[in-house]
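Undergrad: Pasted the sequence and its predicted model underneath.
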Amino acid sequence: MRLASRFDTIHDRTTQQSDKWAKYPADVIPMWVADMDFDAPECVKEALHKRVDEGIFGYTFPAKSLVQAIQEHCQTRYDWTPHSAHFVHLPGLVCALHLCVQALTEASARIIVPSPVYYHLTKAPLMAGRELDLIPFGLKENRWTVDLEQLAASCAKPDAQMILLCNPHNPGATVYRREELEAIHALAKQYDLLVVSDEIHCDLILNGAQHIPFASLNEDAANRTVTLMAPSKTFNLAGLAYAFAVIDNAKLRQRFNEARGALIPAPNLLALVAAEAAYREGQDWHQELLGYLYKNCEYIRQRIAGTKIKMAEHEATYLAWLDISEYKLEDPQAFFRKAGLGISEGAGFGAPDFIRLNFGCPKSQLEEAMNRILAALDSLS
């Protein structure tokens, strides 16, 4: 039987030292961490094979052609071409979040974070001993949006120094609109705040929205922003460990680099090879992926229709943010694990009445997962 898509193929990852698949027993479907169950693009595998065959793996540096490939990708998709001199190459995005807080703010600083959010955006300020202001998201026209009044109040505090922004938002799946970004920028400019924009999900737009890099808004935004991106989510390359920062401001870039050099290693050479191949030759794979993820997302929406599960507008990412508050579950993670499903509990993001479900998987796996979710919840009635 011919598969409808390359993404329908089931891969046995239980023998691959996969964090995702090793966490739970074999009878539990893992749909938690942001790691897709899809084969990497052929162009990436071919590039890696070619480089491995060369046989020497000494210290290396990012090729100019990698930066050019990223620039072309950003220009095509976002009408934004970051300058080659403004790149900082990294082994991951999480370490960059922590480094930004530690290197670019004072010990007494207040860090502002729209929430609920991916936990490292709150962990980074707390681990660095900074004050943390969480700005709540609310539903507006069935879409998660930040409370601008509370954001303004936090920005006005004299010790506020940085906004950590997640765009597209994880886990809310929001893509910030231009007017929203401009409102945030106006506050950052008024109160002279830095903005660290985690844009790792920017290539995973599912509903026709337009991702706008915060730094692309205007010259002032570029001068006060650290943009963080990576191919890891887009092309399912997280295990190869490559990300990059774009920092236009020379003083900020110098401070970041000075701290980075003492704490963070350079990305490994195979990660650099894979990233360039993905950005340069993986576009057809990427476009097919987006279509597949959109259908998976719509399938979830169809299956929960008529239930007490609520799901707002899903604009980006392969991570469904599901409101299960009506079911009054004391321990959602344990409840769904008993039903044979490993999910990310909302409490880890700051919203205990939610779960996050990774639908970056073959449709047949998603079907079985939804069967288990709905059967478990039906058993409560």
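TA: That came through, no problem. Numbers count the residues shown, from 1 in each chain.
Undergrad: got the residue ranges for the strands in the stretch 1-150 of the chain?
TA: 29-30, 87-90, 110-115, 131-139, 144-146 (DSSP state E, counting those that start in this stretch).
Undergrad: Looking at those strands, spot the one closest to Ser5.
TA: strand 29-30 (19.7 Å; C-beta to C-beta). Heads up, the C-betas are built off the backbone N, CA and C, glycines and all.
Undergrad: Contacts for the closest one, please.
TA: Lys20, Trp21, Lys23, Tyr24, Gly340, Leu341, Gly342, Gln365, Glu368, Ala369, Arg372 (C-beta atoms under 8 Å, 6 or more residues apart in numbering).
Undergrad: who does that strand pair up with?
TA: strand 341-342 (parallel) (DSSP bridges).
Undergrad: re the thing from before, just the buried members of the contacts of strand 29-30?
TA: Buried residues within these, defined by neighbour count using 16 or more other C-beta atoms under 10 Å: Lys20, Trp21, Gly340, Leu341, Gly342, Gln365, Ala369, Arg372.
Undergrad: between the residues you listed, which is closest to Tyr118?
TA: In terms of C-beta to C-beta, no member of the buried ones among the contacts of strand 29-30 lies closer to Tyr118 than Lys20, at 16.2 Å.
Undergrad: Just name the most buried of the strands of the stretch 1-150 of the chain.
TA: Of the strands of the stretch 1-150 of the chain, the one with the most neighbours on average (mean count of other C-beta atoms under 10 Å) is strand 110-115, at a mean of 25.
Undergrad: and that one, C-alpha only, in PDB?
TA: Provided in PDB are the C-alpha atoms of strand 110-115 (Å, rounded to 0.1, in the frame of the first residue of the first chain):
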ATOM      1  CA  ARG A 110      13.500  42.800  36.300                       C
ATOM      2  CA  ILE A 111      12.800  40.600  33.300                       C
ATOM      3  CA  ILE A 112       9.300  40.700  31.700                       C
ATOM      4  CA  VAL A 113       7.800  37.600  30.100                       C
ATOM      5  CA  PRO A 114       4.400  37.000  28.600                       C
ATOM      6  CA  SER A 115       3.000  33.800  30.000                       C
END
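Undergrad: Starting from it, tell me which strands it pairs with and how they run.
TA: Strand 110-115 is paired, per DSSP bridges, with strand 131-139 (parallel), strand 160-166 (parallel).
Undergrad: Turn the ones you listed into a markdown table, including mean pLDDT and distance to Lys233.
TA: Shown next, in a markdown table, are the strands paired with strand 110-115 (pLDDT from 0 to 100; distance: least, C-beta to C-beta, whole Å):
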| stretch | mean pLDDT | distance to Lys233 |
| --- | --- | --- |
| strand 131-139 | 97 | 21 |
| strand 160-166 | 98 | 12 |
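Undergrad: All set now, cheers.
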